[in-house]
Each structure stands twice: as structure tokens, then as C-alpha cells.
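> only geometry, no sequence info:
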């Protein structure tokens, strides 16, 4: 395991291939560094006695202590602990910790490479085990490129006028393959590695699209076209932990990138390409059952804080709304527990969360995210949108006015009042807040994707038979 | 353990004290017998190899095999198994199996009698253990009388103009107490015993209301004023399992009923009276996490059946609604799993489900029950409300018309079409259906009760501290 | 205009063709008479000074005073007055007054017969005017048969294996046509006449299905297969106006019924057959903007009454729910006003409500009906489902108990308490209540039908152009 | 009437009293100028033949042509036209046009000054008429300061530890009064005048808080502490009309401001102070029935555009969501029509919209605003949050990639695709978007304020009497 400082040192040496609003920037640019403060906790807390037992685990491969975000789940307890620590760390950043994509992709690969080998006699699992050793040894941070551009949505990958709308193999060489395409919506550009997997089920004639691999994020031909957002700038003296993080979303362009054989984990086996897509989504939705409640904790805490300062925390309509926020958070958490509790053990030994519970948890979160923001907005009131900028708070001319008129309850300082409103504003009214709204709906799969996943796996037939029994229908 | 037939034989000997629409009736009256077909499965399935492992457990008291509905939960597994078998048996009756009230009351008593003894040196636990032995040995069916009439809701029990609005002790004798009052909304009058517990938290000066006890359902002074409902009558040849059950709701009047000392489990200890109220509700809400999904299974199965017969089962808007029904059912189930998973072990050894998860599960069910009916109604269409009576289906004059015009899809007989619409009508459009709507909202505690339970136990303060940390507020 | 007594006298002479649960019955059978108490108000109030100005209008055809339910709308004011009086009369019956179907069908015919004549030189309008004169002169009550059985829903009318699944012409004679098929979901069998129109848009080769006509309800070959429901029986002394009405839903079978030429209003003109389907639905959905708020008034009044008796009417959570009930009712009413305000004048002079506003009003009502019941259920509490039968209220043995334990607030008699709970029970927990739930969703067109109507007529293109303008897109 | 250029010229001469993030700025600062591009249309369209008939009206005072935003409503038609033109102009700015506050305040003053004079023999109405003449003659733009800081919410204005938490008179002089306090959440600082009115009902001893007046926005002692937001910057060549507007929210501090007698419209008459608060809110909520649908048009247009480009516009789930967006917009519009239709004429001759319809319209909009964003977000997909910045679109290095991978449907250029995604991003993912979310909930009064307004005026008693009638309750 390495420290955060070692990590920053390591990536600072990478090739400059992050593009942002017309510039190419280094990995020390403040805009992207802020974006990585999210997963800083995953390194820091490995050293913190309060968290270490959850963050550090023993590798099933080497027996060495490793960071949980490089671990392959070996038990129900592993799944539940991943869920729990994800929630706890998201509490500390006030949002997504952005390191689970790599973990989830690695767990999905552990299952699918093994299953593919068992069916076709390939040796992907062995390759991948070597990669895993490297991954754990070096405490690697990876993103997962899954969502293709998709072009014309009425056409399948193999039917697109522009074949690059889905990442595909354009050349096969003895020592590897060359790939082309783009992966959209990748949170974080500041990673060591990018794991690329298919986005959907594939047909037999779509073998060139059934490709899964890992590459360094600065590999030749990789362009990380990034879009950043931040909370409002805070004047000196009004800094706050929440404001130290930013968000970077990334379009990963693969412009004829060479992938050596040892980094290829599925190559043409369309059935397993599709399964990989589903399994990554499954692990990722289970991660969501940890992070989403973690973010909901922050929102309900903020609601509790501002209603306390307003002196209305005990009003019945506030209590009722708060119960709704609690319920939304804990239902998602409960679904994650149930998904872990009903996990199955794959051939590789990896524990895979239950598909129905994992999906309905994510679905519930997605369906309710805007309502959750509405509840916070309702409780925080209009000041979240109209709060004077922080330099006016400190202004020698108007600062007294600002401080006087943001104060509500006796016994709470003007500064704490202002800080509370600013927190509400950060969560509700800022560029980053608006990204979080959309991410809460679509991140990890929109609710309609979970509908599909649930309906494809749920045993509705047995329920229909039950109805027939009760109706006295014999067929 | 006894059989269903033995049970019916046993209660047929009881004193006639069931009152229904102006009559006093015996326990062999078809209206109430139908009402008990609900818990018939709990006896029958104890003999059925497919279910026996879940229904029959070993008593921790005597080591003998007993029916799970007389068992005290000794582990997380016990709680999860209770949840699971409740769902499975509700599937078979198409609704509430009406035997969990007694089970839940006994589990709550197991915890509170012990805790009270530990604090006050009373010997309620020992008394109760003797009662438990009788309860298990005789495979007793009990209801739980909790909800008082409450009179003027702006006044506490001790302040009511009519003191009988809450059940209370009116006389104390050396050998027992005399109680007066009424318990409302008791599902089922056809029980061996009634366990009576307080309905709410009590103040020190309300000791006469802190009374918990068990009495035979036909004890002197007990009047069971019953209200029954049934599905529409089915003509010969169109009978169906669902239609064999009925519903009986009961106002239990205690008109100066004597309770001997050995049947008294709390007597004046107001603190524990209140805890008993909360704990019964908690166990009961956990039971709900089994029965509610069990009933939802029936509803989604019916929706699947009728949309299949209509030939629209695969339409996107149907799939989306079906995913919503699945999600509602499985979220409640997931909350029950999480409540079991996070159970605590009480001093008596009883496992008590987690209060937050158990309550949000019940809350989610209650908040969504009418929406669930709306979804089924939407999918089933208007025929659920306008389906000709079953004697018209068989009529020599108009039967041909009915059969012709209820038929939709080729390959399904007119009878099966009619049976499917009738099932939808039973669930949506019948006196019993309408009872189920209200029971789905209020049974086991209305959503607002769960709000209160959640908000009283949830650690909102830690969330507020989290918000302060992220906002940089130091106090 | 005639009186209610004259109406009853008139229909009592009709041929016995009402079939109900295996019997054929006369029009004096209490089950169906109760079903007609709904539209009794439309006759009675024509004599009542308080209502007469709204109920009685001047015929644009004859200049004579007629009942509004036989009137063709000649102005915006007519549409708004129809909406208003519908609401007021539904208040008095506590539900649907069941006379608007005929009115709405006649208005739709007024428009479509004229438009068809203008295009094809037919003379349907003249024929229909003669029928109208008869209709107004005799104060006719008509139902409208629209919804066909539809058989296999994946097939169009002309493609059904059984051609009778949609009403169609089976024989053409010089003096008229013979029709066969069935019309489902017809509320009320106790009418003078049945107006039959197509259920949907038709293709050119489906001319036999483009048939609209009026026949006496007891015409040869007409079978009214009826399904009735009632509120719970009330013991003597506890009668109430609400309980005097019942509901009869009817499957109208047309078994080779002869229709003379003068009663045929569309015959083969598929384009106008489709328009008739749409226009009847439009007028009917506008009627809904009167009746639905009228029924909502009853529900919110009941909620206000029971929460008053419970002493919780001023609690914040009750006020919030009440505001929601008010909002649901008045939004639907506002949509009706807007639909009237934006009415267009057809070639025949008839005023036709705006299609978007009329449809979104009905849609809003349908989408919220179950939620509305949920709100009432929440406020009324469990007693709506468990209230002892009314003969127990009067019982010499247990009556005292019932009276004592249904009493809540001082200053309100036991009887009034019981009456209030019984009203809540009638609306929430009875066979009729459950019919009303489904009728509130599907009656007059399910929400999905309004989606279709709205989307087919809404000018979404102009909104898209607006988006293009704001985005700077020039195409 | 003046032109936009004349307006800008006029305000450029005002005293510098706008404070923004630590600076004091002139009215030519780009941040605030952008904020005024919103009401530019109200000047421009007075010259535009397409709009002039709706924008220009005849003053009832002088008979001269004036801008509608300075007009006092003289008829139902005036109210409906105001609603309609508000919708049309909001279409052109893509959001709030920010000029109705002044109009609504003037209309409220027209009613209340007259009513006060009639009761107390004061002469406010005459004063106000003179001000109106000035207002109309000079085509004045005014904001309305209503919402006080409110300090401790558990205390009334007269009980605050800091009396300035509500604006109040601190000194009375022969020629006027001196006021102190602050008004929050004022949209726009770039106005000629500020009209200040009370925020709530007042008690008799709170006469110092019953003060209404108009002052120039740069009067001595006025500090406009402003908070601005913008859409993301667009690179050259990608400009768009939507992006030309900005939003400025303003805390108006009144630090001992002198108000001369002729500008005082209520002074101490607490009853009318309270009525003014209610009436402004009422007129403003009616304005909302125009602007909100206008903004909804933009959202549904954007949804229609992006789903068209994605090739999924005709998918059933999209059509269903679109019908929901249409329904939300048109329900609010319908409520405005109904409020206009049922307007009452005040003693002054002003037409006042119906309180129930105006409030439920605003309430519906507020309750659904986050859901509306959720629908757009769902249809637009994740790209709204992850779209590369516009300088990358034009980049010589990565521009080709961006253009290639944002293209979906054949026949639509890369630029138009990008513009469509950018529009969706502007509305969903930007600082300004997030302000609009909160403004949509709280602007013009949060839903809970409308609940209060509705419940205070709705005749629930008549509904309760209806329930009693139906239940047979005689009291």
C-alpha cells in the first residue's frame, strides 16, 4: 500500500494527455487535483486506526495486507464491509469517492475470465491474476470505461455507419490488438489505469466489440477530454472540507491504442463480453448501496443543521420530511445488505451480490434522487440560492449587513450560520451540485437500466403460477 | 403440535361470545370459519415435507419440536426464517395469515418481562416461561389486543373523561386483577387466547394502564364484536382457493374481566408497559416484511397473468410498471433481511430486529400500498369492476355471451379468462379487497407511526455533526 | 320535462332484458332501482328553485325549456354551466350521477353528423336533429355504448378471429342495418335508450365497424348483463342519503339487433367513425372535470368531518393532506374551466371543449385517484375497515359497548360518531367503494388514453423549435 | 414607453450601490448586465408587431399607450393577457423575465390603498395614483422587497431580539419616515425602483412594521448585495440566445433610508399591511401561471429535441414522460386561466385573481419542479453532465474526437448535436440551472405557503356539511 503523497508523486510523472477546455494540462493542475481529493480518503484511512480494520484486508492471492479497493470479495462479509466502508468514506468527502469503478471492474473480471476459461479453455484468468498481483502490490487506482458513444441508438454496434461508435478491435497482431472508439461519462481522469469492458450484450458476429483490457491512462493514443466543476470559491477564513473536492468527468478517446496480450482479458468471446457488461454493472450497483446512503447522510445532516439554526427542527412537517430522507437512505442500504446476504459464490471464488436486490437498491436511489434534493431545498429555503458571495461576508463595507441578516437563532454565531447556508448552497446551488443531481440519476446506470436488469432475472413466472393457483386455473 | 382439525375441534367448544351484525354466533358459523382459513396453512404445512423445515423448530425451552408461530427467536437465522416462511404461506392464502400477532406478542413479552425483572426484581419472566410452555405444548393461536379506543385524542389515558377508553385495572385482588376497556382492530376472533398489552408510552401516574396479560378468548366478560367481509360468491364450478378465505375484524370488549396472577406479565411498571408497546410493534413490523411481499407476489402474479391474457405483457409500459411492483415487494423484503441481519440479542436471549430497518420496511409498504393497487388496477383494466357475476357465466340464457366477450387471447379458454378477471376483481373490487386496501395502510401501524419510531431511534445527531464537519463549523 | 316518478313509470313498462347473477329481472328490482337513484337528482333539481337556473335551459332547436342533460352546448357558458351543475349534483349523490354519457354522445353526434354531411353530402345531421327533438321533448336518459370487447388486443377490428369482438354491421337492409357485438363497462342499465358509437379510429376497409346509432334499451336482441354493488346494509334508524344509491355496471350485448335508418347516424364513413370516438371521449372527459371534483368534495368533506371528530383537524400534517385533497379537486375543475374557456365552435354550432385541457384534467384525476383514497384512508384510520356492523350498534347486548367505544370527542353524540365512521367506511371499505376506486382510474378513459389524446394534438413541434432557437440551432 | 437602450442609459447614471463578491460595481458590469437581459424582451417586444398587441395597453389612468408591465388590470381579459404574454416572453428568454414583481406590487397597492382609504379615510390611493402616473409615463422597472430576514423564526416581528430582522420605521418626521432592515431573495438589482411591502400578517402593536413605500434603487442608505450566476461560457462560434442571460439575486439592505410622504402607501395600518402581503403574493402567484409554463415549454422542447437526436422520440416510455411534462405545464396554465376567469373586482376597479386557483397553480408547479427536472435529466442522459467544454469542441487537437463522439443520428450535424447537448446541460448542469431548481420551488412562495393561503380561504366547512348530509348527521 502507498500513501496519498506517493500516489500524487506517481501520477505526476505521467504523459500529459488530459485536455480541458482547449488546453492540455499536467496532472498537477489545480482543477484536476481537486477532482482527486475524492479518493484521497481511501489512502489516508488505510493509516487511520479508526478505519484501518475496514480499509485494509488480506489479499487472497498473496496473503499480504492490501487496500480494500484492490480486493476481490471472498465472502458475504467482504461485500458487506465494502458497502459499509464506502458509506463511511463518502461521508467524509460529502460525495462520490471515485475509486470503486476499478474495484468493481476487477471483481467482474475475476468471475468472467474464469467462466470463459472453463467454457472455452482460454487462459484469461491466469493473465488476469498476474494483473491483479500488480494491481494489489502497487495499490492501483483504475477507472472503468464502459459506456460507448453509441451513435445511432436504433442500430446495434455492428450496424453503425461509423463503426467507432462502439470501442472495437481494428487490428490484430501477434503481440496484442489495436483498439479504437471512445468511452463516455468516466468519472475521474486522474487514475493509473483504465479498464475497458463492453457496454452491452453482443451477438456472435460482433466479436470485435467483445474486447476487455487494461491500459495505463497515459498510453499512446489515449486522450482524456475532461470536464470539470467546482463548488463556489470560498473567501479566506471560510474554507471548509467539502469545498476541497471537485469533480472531473472524462471522455476517454482511444485513437488506435495498442493493447499487449497480457493486458487482454476477453477477446472475441461475445457471450462473456456481454456478461462482463452485466457483472460490472452489478458490482457497481452494489457499491452504490454504500455511496448513495453516504451522500444521503450528508444531505440529511445538512437538513438537520439548517432546520436547527432556523429553529424549526421539531416542527411536524420537518420531522415527516426528515423521516422520508432517512427512509430513502436506509432502504438503499438495506437493499445492499440483502444483496450481500444473498450473494452467490462464482467459480473463481468471488462473491457476487444478488442481482435483484442490488438493482432495486440502485433503482430506488435513482428514482428518488431529485425528490431528495427537493426535500433538502424545501427545508433549506431560498437562501441556498441567494446567499451573498463569501467575499461580501468579509467585506469591510457590507460584511456587517451580511452577517446581521444571515443570523437566525440566538446562540449560533453569524459565521456558523453563514457556513451552514453555504453548505446547503454547495449541495443545492453550484455547478458541482447540478452534476451530482444528474449523477444521482444516471451514475452506475439509470433507473430504466435497473428495470431491465430486474425484469431479465426476476422469476415472474412463479408469481404467475401462484396467481393461477389462487384463481383455480389449471392449464 | 396439533392439526387444523384438532384446532377447529378445540375452539368449537368455547363459550359463544362472538357477536356479528346483531347475532351471537358459534365458532362454527361459516362467516367466521372462512375467516380462519387464513391460518390453516400454519397447521397444515407443519406436516408438509416441502415446508416442514421452515415451519417446525426446536423449542429452546423444552427441546421439543414446535410450530414456529409459538417460537421465541433465538438467532438471526430464526428472524430471517420467520420472515421467509411468512412470505411463502401468505402466497398460499393470497393474504394475511393472521397468526403472527400472538407470536410477536410472545416475543415482545420474552424481552420485557426479563428486563423488568432485572430492574425491579419482579418475577414476570418465570411466570411467562410457564405460560410459554403451555403455549408451545398446545400449539396455541393468540391474537394481540393493543389498540385502545383512545376517546379524546387530545388527552392522555389518565385524563380521559371516560377512563375506560384505555384498558385499565379497575380492581386489584390477592389472586389477580379486574380489567375494563376495549381493544380495537383485532384481526381474527377465532383464537384460543388474547394477549393484551398497552398501546403507548405511559407516565408514572398511569400505572393502572400498564397492564399486560393473557386470557382465553371466551373468558367471562369478553365480547368479540366482529365485522366480516368476503369475496364475491362464486357459482358452482368456478370455485377457487383464494375465495375460501374471509376476513373477520374484531372489537374486543373487556367488561370487568378477571385475570389471575399467573397470567399477568406487567402490572403497574409504566416504563415497561411502554416498552412492551414498542417491542410488539417492532416484532410485528418485522413480520410485515414477510407478509407484505407475500401479498405483493400475488398482486404482481395477477398483473402478469391478466396482461399475458390481454397479450400486452411485453409492452414497455407494462414492463416498467411490473418492475415497479417487483421493486416495492423486494424493498420491503430487503428491509426485513437487513433488520434481521442487524438484530440485537436481548437479556432474555431473544433476538430483536433492528428498529430502523424494520420500521422503514413497513413504512415503505404502507406509503405505497394504494399505488400498488393502482398499478394492478391500471393493468387489469375496467373489467375488474364490471365483470358479470359468476351465475351469469353459467347461465343458459346469457352464458354464451359472457364467455364470448370475456375471451381475449387465442389459446386460453373462456373459463381461464373469466377466472383471471375474477381474481383481479377479488383483489381490486370486493368488500374484502377494500378491507385489504385499508389494512395495507394501517395494519401493524400506519406510516406516521413508523415515522415516529424511526425518528425516535435514528442517530440524526451524528449526521448533523457530519454536516458541521463538512461545513467547517466548530462549536 | 318529466319528473322522476314519471321516468320510473315509463321504464317500468320496458321489456325484461336485464340479467343479473343468473336471473332476468324487471326494472323494479331493488338492486337496479338503487342504481338509478344516482340520476334522480337530474329530474328533481329541475323543479328546485335553488338549482333550476342551472338545470333547465332553453332548447336551441325548439326554444322550449329542457333539461340540461338533453341540451347541445351553444356557448362557452353552456360548457361551464354543465361542468358546474355536474359538480353540484354529484355532491348530492356522493358519486357519479350517470346521466352525462347520453348528453356527451348527443353533443358528439351533433358535431360529427354535420361534418360528415359537409364532406360527403350525407344527411345524418337532419336525421339526428329529429332524434334530438324526440330526446329533448321526452327528457330521455341514454347511456353510450363505446368500449368494445376487443378480443385479441394485438389485432385490429378487421383482423379479429371472432369479428364480433367489435360491434359491426352483419346485414344491410333497405330500411336499416343489423348489428352484432357487445359494449362493455356501461354504467347503468336503467336507461331509455342506448347510443352506440365506435371505440377507436378505423381504417378504410373497416367500414362495417363505422356504425353509430340509437336504440331503445329493450330493443329486440339487446341483453343487459348487469353487475351490481351496494354499500353495506344499514340497520333501521341509521339510514343515510349516501346509502340510497347503488351502482350497476352493464355488458350490453347486441345479438343481431335491427336498427332502422332514422336511428343511424354514421354508417360506413370510417373517418367520421373515428372522430366520433374521439369527440365523445372529449365531451365525456370534460364532464369528468365536473363530477370528479364533485366526488372529491365528498371525500374531503368526510376527511374534514372525521378529523374534526377525532380532534386532530388542525394538526399540521392533517392540514397539509387536506391542502393536497383541495388541490387535486380544484386542479381538475380548473382544467375544465380552461377547456371551456378555450372551446371551439364546430360547424354545427356546438361548442367543443379544448382537447388538451380536457384531457389533462381527466388524466390528473385518474393518476391521483388512488392517492386520494389513500389520503382519506390515512385520515380516517383503521376504524373504516373494522367498524362493527350497524345491527350491533343497535344491539341490546353489545350496543352499549359499540356506542361507547366509537365515541371520541366530547360534544358529539355516539350516533354521529358512528355515522361519520360509517360514511368513511362506505367510501373506503365496501363493494361499491372498490368499484369507485377502479372507476376513478378507468372511467371515461384511463390515464394512458389521455396521454395518447394529448400527444396526438399537442403542438410539441413548436416547443422543439423554441429549444432550437435558444440553442442557436439553424436547420 | 422607452426602449431597452434608453433604459440601460437611464440606469447607468445611478449611484454605484451594487456589491458583488467584495466589490462595488457600476450598472455596466457585464455580470449584472447579463442579469438584465431577461427583461429586455419586455421593452423590445413593445416595438414588435407580432407581440405589440399583447405588450402595449391603454392606461386606464391617462388613456395613453403604456407597457403592460406598468398596467393595472381592468378586466378578466387583462389578467388572461398578462398570463399569456408572460408565457410567450419567458419562452424567448428561456426563463424568468424578472419584471412582474413591480407590476404585481403595483396592482396589490392599487387595491389595498383604496380599501384602506375607504375604511380609515386615509389618502394613500391618491398618492399612489400619482406614483402610478410617474410609473407608467417613465416605463419604470421595479422590484418588490417583501421577504424579511426574519431572524428567530419562533418569534414575531415585534418580539425579535434584533428589531431590524423585519423592515420597520425607526424614525417618523413631518416629511416622511426613516426605515431600517433588509429584504432578501430579490431577483434583479438592475431596477429603477424598489417597492417595499410587509412580509406577513401583523398584530395591532406591530404598526412600525406595517410600512409600504417605493424608493429609487440607489437611494441613500440602500445597499444591493448581489449574488450572480451564469451558464457555462461558450466558445466563439457556439454562442446561443439562452446563454445571453444571467441571474442576479439580491439582498436589499435598508440602512436608515429616508422615505418622503408621497412615496408612503401604508403606514401603521397593520390590517392593510397584512393584506398587502397577501395580495402581492396572490398577483405574483398568478404571474407564475404564465412564467412557469413558459419555462416548462423550454424544458419539454429540449426533451423533444434531444430525444429526436437520439432517435428515441417515439419510444413509448418517452411519449409517456412527455405527456407528463405537457400535463405539468398546462395544469399550471389552466389554473391561471381559472383564476382569471373567477377574478373579483376590487373597490379600486382592479381585477384580482381567484385565490384558490392562483395558489394551487403555483403549488402544483412548486411540488413538481424537481420531478420536471428529473424527467428532462432522464431523457437527456448523462451527457448533460459530462459534455466536454466548448473550447474542446473547437480544439485543433481533440475537436475531431468531440465532434465525432457527440454525434448520434444521421442527418443532424455535429454542431447541432453539440448545441442540443449544451442546451440540456445549461438547463440541468450549470450554476444557473441549480438556481432555477431552487427558484422553481421557492420563488413566489414555497408550496407550504400556498397550502396556508389555500386553507385559509377555502370553504372546507361547506364540504364538511355535505359529508354530514350524506351521512345523515343532524346537529
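Received the coordinates, thanks. Note that this is a predicted model, so its numbers are computed, not measured. Residues are numbered from 1 along each chain as shown, chains lettered A, B, ... in the order given.
> use CA for all of it now, contacts and neighbours both
OK.
> would you mind measuring from the residue of the stretch 301-450 of chain A found nearest chain B to residue A:406?
Residue nearest to chain B within the stretch 301-450 of chain A: residue A:301 (4.1 Å; CA to the nearest CA). Per CA to CA, to the nearest Å, residue A:301 is found 20 Å from residue A:406.
> and the stretch 151-300 of chain A, which residues reach chain D?
Counting by CA under 8 Å from any CA of the partner chain, the stretch 151-300 of chain A comes close to chain D at A:151-154, A:165, A:182, A:184-185, A:223, A:225-227, A:249-251, A:253.
> span of stretch A:405-417 from start to end?
10 Å.
> isn't residue A:124 right up against residue A:113?
Yes - using CA atoms under 8 Å, residue A:124 makes contact with residue A:113 at a distance of 5.2 Å.
> for the stretch 1-150 of chain A, which segments are assigned as helices?
A:4-11, A:30-36, A:40-44, A:52-55, A:76-93, A:100-120, A:124-137 (DSSP state H, counting those that start in this stretch).
> and of those helices, who's closest to chain C?
Closest to chain C of those, according to CA to the nearest CA: helix A:30-36, at 27.6 Å.
> now do the closest one: everything it contacts.
The set of residues external to helix A:30-36 that reach it, using CA atoms under 8 Å, 6 or more residues apart in numbering or on different chains, is A:27, A:188-190, A:228, A:244-248.
> weakest of the helices of the stretch 1-150 of chain A by average pLDDT?
Here the helices of the stretch 1-150 of chain A differ in mean pLDDT, and the lowest is helix A:30-36 at a mean of 88.
> buried residues in it?
Using 16 or more other CA atoms under 10 Å in any protein chain shown as the burial criterion, the residues of helix A:30-36 that qualify are A:31-36.
> ok, stretch A:56-76 next?
A:56-57, A:59, A:65-76.
> who are the contact partners of residue A:420?
With contact taken as CA under 8 Å, 6+ apart, residue A:420 is in contact with A:302, A:305-306, B:468, B:471, B:473.
> how near is it to residue D:151?
15 Å.
> about what we covered before: from the contacts of helix A:30-36, which has minimum pLDDT?
On pLDDT alone, residue A:188 ranks lowest of the contacts of helix A:30-36, at 81.
> who touches stretch A:229-243?
In this structure, residues lying in contact with stretch A:229-243 by CA under 8 Å, 6+ apart are A:93-94, A:245-248, A:390-391, A:394, A:419, A:423, A:426, A:430-433, A:435, B:469-472.
> residue numbers of the stretch 151-300 of chain A in contact with chain B?
A:238-242, A:297-300.
> close to chain D, is the helix or strand hosting residue A:436?
In this structure, residue A:436 sits in helix A:431-442 according to DSSP states H and E. Yes - counting by CA under 8 Å from any CA, chain D has neighbours in helix A:431-442: A:431-435, A:438-439, A:441-442.
> does chain B sit close to the helix or strand just after that helix?
Following helix A:431-442 in sequence order, the next helix or strand is helix A:447-457 (DSSP H and E). Yes - using CA under 8 Å from any CA, helix A:447-457 comes into contact with chain B via A:448, A:451, A:454-455.
> distance check, residue A:160 against residue D:418.
19 Å.
> which one's more surrounded, these two?
A side-by-side neighbour count of residue A:160 and residue D:418, using other CA atoms under 10 Å in any protein chain shown, places residue D:418 first with 23 against 16.
> wait, the more buried one sits on residue D:405?
No - counting by CA under 8 Å, residue D:418 stays clear of residue D:405, with 9.8 Å between them.
> common neighbours of these two, please.
Common contact partners of residue D:418 and residue D:405 (CA under 8 Å, 6+ apart): none.
> next, show the common contact partners of residue A:124 and residue A:113.
Shared contacts of residue A:124 and residue A:113, defined by CA under 8 Å, 6+ apart, comprise A:265-266.
> any chance of a ChimeraX selection covering the buried ones in the residues of the stretch 151-300 of chain A next to chain B?
Per 16+ other CA under 10 Å, the buried members of these correspond to this ChimeraX selection:
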select /A:238,239,240,242,297,298,299,300
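> pLDDT and secondary structure for the residues of the stretch 151-300 of chain A next to chain B - can I get that in JSON lines?
JSON lines is the format used below for those (pLDDT from 0 to 100; DSSP: H, G, I helix; E, B strand; the rest coil):
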{"residue": "A:238", "pLDDT": "97", "secondary structure": "coil"}
{"residue": "A:239", "pLDDT": "96", "secondary structure": "coil"}
{"residue": "A:240", "pLDDT": "97", "secondary structure": "coil"}
{"residue": "A:241", "pLDDT": "96", "secondary structure": "helix"}
{"residue": "A:242", "pLDDT": "95", "secondary structure": "helix"}
{"residue": "A:297", "pLDDT": "98", "secondary structure": "helix"}
{"residue": "A:298", "pLDDT": "98", "secondary structure": "helix"}
{"residue": "A:299", "pLDDT": "98", "secondary structure": "helix"}
{"residue": "A:300", "pLDDT": "98", "secondary structure": "helix"}
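> for the most centrally placed residue in chain A, phi and psi?
With distances taken as CA atoms, centre = their mean, residue A:98 lies nearest the centre of chain A, 5.2 Å away. Torsion angles at residue A:98 (phi, psi; degrees, to the nearest 10) stand at phi 60, psi 20.
> hmm, back to that, any chance of the contacts of residue A:420 in JSON lines, plus pLDDT, secondary structure and neighbour count?
As requested, these are exported to JSON lines (pLDDT from 0 to 100; DSSP: H, G, I helix; E, B strand; the rest coil; neighbours: other CA atoms under 10 Å in any protein chain shown):
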{"residue": "A:302", "pLDDT": "98", "secondary structure": "helix", "neighbour count": "28"}
{"residue": "A:305", "pLDDT": "98", "secondary structure": "helix", "neighbour count": "27"}
{"residue": "A:306", "pLDDT": "98", "secondary structure": "helix", "neighbour count": "26"}
{"residue": "B:468", "pLDDT": "98", "secondary structure": "helix", "neighbour count": "23"}
{"residue": "B:471", "pLDDT": "97", "secondary structure": "helix", "neighbour count": "25"}
{"residue": "B:473", "pLDDT": "98", "secondary structure": "coil", "neighbour count": "19"}
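> what sits closest to residue A:102 if chain neighbours are left out?
By the measure of CA to CA, 6 or more residues apart in numbering or on different chains, the closest residue to residue A:102 outside its immediate chain neighbours is residue A:142, 4.4 Å from it.
> tally of neighbours for residue A:347?
13.
> on that earlier part again, I'd like the helices of the stretch 1-150 of chain A laid out as CSV, including distance to residue B:86.
Formatted as CSV, the helices of the stretch 1-150 of chain A follow (distance: least, CA to CA, whole Å):
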stretch, distance to residue B:86
helix A:4-11, 50
helix A:30-36, 48
helix A:40-44, 42
helix A:52-55, 35
helix A:76-93, 25
helix A:100-120, 34
helix A:124-137, 43
